[in-house]
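Undergrad: Need coordinates for the below:
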Amino acid sequence: MLALLLLSGTLLGPCDPAVSPTLRVVCPYLEALTRLDHDAMAALWAPDVVIIDRDGEVRPVQPAFARDMRAYERAAGTQWGYTIDSVHGDSAFATLTESNEFYDLVGVGPRTQREIFVASGGRIRSMRGLTMEHPGGDFDSVYTAFKRWVIDTARVRDSVLVGDGVLRFTAESAEPMRRWLKAWRGRGKS
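TA: Reported below is the predicted structural model:
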């Protein structure tokens with residue numbers, strides 16, 4: 001088969017066509033992510049799909065939060081990319097890249113993250129974050145500082161942007177978020 005592909009002058013990538021049951025789920029899922037298509041992504045989740053963060057904390061996917069995040073990403077000009085690094089049984093190891101104005105305005109630049117997607121029965125069962133890097137520094141500490149500043153600033157009374165002590169990421173919060181990010185970046189520069 002490889003000889004036939006080499007003779008034809010075409011070397012197929014891991015998703016063209018998906019050559020394993022795992023990739024037949026993970027590749028369409030990641031393609032939907034690049035389109036910010038929540039419905040197509042959600043259609044590939046198992047009913048009990050979970051996210052496992054870098055610290056090992058397991059939590060169920062929250063569909064409403066995920067839908068809002070895709071809407072925010074559209075409003076923030078998010079661009080996703082991915083590569084499949086390897087596949088081992090029901091696990092696909094992938095590197096994802098994400099760039100948007102939020103990361104730029106908060107000052108850390110684009111994100112590169114490595115994840116494991118576990119799929120069986122035609123659905124994604126779990127998504128585990130392995131690493132997360134930004135060229136401009138540690139995102140978690142910078143984001144925490146920004147979030148505290150926004151929430152603690154007496155002028156913030158915008159329920160579209162802040163609710164229950166957290167920042168909201170929705171299509172509606174994109175413009176207020178942009179304004180606050182610019183103010184935060186410009187603080188002390190007068």
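Undergrad: Name the SS class of the residue nearest the centre of the chain, please.
TA: Centroid check for the chain by CA atoms, centre = their mean gives E98 as the closest residue, at 6.8 Å. Secondary structure assignment for E98 (DSSP: H, G, I helix; E, B strand; the rest coil): strand.
Undergrad: Contacts only, for it.
TA: By CB atoms under 8 Å, 6 or more residues apart in numbering, E98 lies in contact with T78, Q79, W80, G81, P110, R111, Q113. C-beta: built from backbone N, CA, C; applies to glycine.
Undergrad: Also E57?
TA: Neighbours of E57 in contact, by CB under 8 Å, 6+ apart: none.
Undergrad: what's the distance between it and D152?
TA: Note on E57: its distance to D152, by CB to CB, to the nearest Å, is 26 Å.
Undergrad: cool, L161 as well?
TA: Distance from L161 to D152, by CB to CB: 13 Å.
Undergrad: what ranges of this protein fall below the confidence cut-off?
TA: Low-confidence segments of the chain, defined by pLDDT under 70: 1-14, 16-18, 154-156, 188-190.
Undergrad: what about G109, how many residues close to it?
TA: By other CB atoms under 10 Å, the residues close to G109 number 15.
Undergrad: and if you look at E31?
TA: Neighbours of E31 using other CB under 10 Å come to 15.
Undergrad: Y103 now?
TA: With other CB under 10 Å as criterion, Y103 counts 22.
Undergrad: Please, which helix or strand holds it?
TA: According to DSSP states H and E, Y103 maps onto helix 101-106.
Undergrad: Put the alpha carbons of that helix into PDB.
TA: These are the backbone C-alpha positions of helix 101-106, laid out as PDB (Å, rounded to 0.1, in the frame of the first residue of the first chain):
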ATOM      1  CA  GLU A 101      -6.800  38.800  20.100                       C
ATOM      2  CA  PHE A 102      -7.400  37.700  23.700                       C
ATOM      3  CA  TYR A 103      -4.000  36.100  24.000                       C
ATOM      4  CA  ASP A 104      -2.400  39.000  22.100                       C
ATOM      5  CA  LEU A 105      -4.000  41.600  24.300                       C
ATOM      6  CA  VAL A 106      -3.300  39.800  27.600                       C
END
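Undergrad: Brilliant, that's me finished.
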